[in-house]
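Engineer: Return atomic coordinates for the entry below.
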Amino acid sequence: MKIITFHTHCIHLPLWKMQALGISLLLCFTLSACHESLSDRAARESKEYTEKFCPTPVINDERTDSMSFDKTTRTMNYYRTLSGKADNPQVIKFNAKKLRSVLLKALIDDPSSQAYKNAGFNFHFLYRSAKHKGKILFEAIYTPKNYQTDQKSAKKL
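Structural biologist: Okay, here's the model as predicted:
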């Protein structure tokens, strides 16, 4: 039996329990070092989504070209292309307020982004024209101030 002394306290533990305790602590420290941060997870998941699914098929005149995550600004970026009837700058400009509102509601209701919303990430949506390559038709950025405020007021209704 081995005796360990801390100040004036004595703990009597068998050697095998000390070894088990040491291995357990070492395992805890080792496993905690492998834990991925939420920012790293967002970057990894957006890259994997882009590689596996993008560009997505066109549905309702819209497709997702890619996703990315900017760690410095903590922003999830969604790059999309509009085609067909939706690829009309005048219509987009006329409906910009409604588009912002619909996107915000979709973001608030999206359970897959809940961890990112809880962490206070920003969400950036960029829509380009299919007809005029590179032309930006619409852009919206949502911060926690936007989606948390609207989320609280939606719960009150």
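Engineer: in this protein, which spans are strands?
Structural biologist: For the chain, applying DSSP state E gives strands covering 2-6, 9-13, 62-70, 75-82, 122-129, 136-142.
Engineer: okay if I get the ones you listed as CSV plus mean neighbour count, distance to Tyr116 and mean pLDDT?
Structural biologist: Heads up, the C-betas are built off the backbone N, CA and C, glycines and all. Output for the strands of the chain, formatted as CSV (neighbours: other Cβ atoms under 10 Å; distance: least, Cβ to Cβ, whole Å; pLDDT from 0 to 100):
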stretch, mean neighbour count, distance to Tyr116, mean pLDDT
strand 2-6, 9, 44, 49
strand 9-13, 10, 45, 49
strand 62-70, 17, 9, 97
strand 75-82, 20, 6, 98
strand 122-129, 19, 8, 98
strand 136-142, 17, 11, 98
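Engineer: any chance of the ones you listed in CSV, plus distance to Arg100?
Structural biologist: Shown next, in CSV, are the strands of the chain (distance: least, Cβ to Cβ, whole Å):
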stretch, distance to Arg100
strand 2-6, 62
strand 9-13, 63
strand 62-70, 16
strand 75-82, 14
strand 122-129, 9
strand 136-142, 5
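Engineer: Please identify the buried residues of stretch 79-97?
Structural biologist: 79-82, 86-88, 92 (16 or more other Cβ atoms under 10 Å).
Engineer: Kindly report the same for stretch 140-150.
Structural biologist: Result for stretch 140-150 [16+ other Cβ under 10 Å]: buried residues 140, 142, 144, 146-147, 150.
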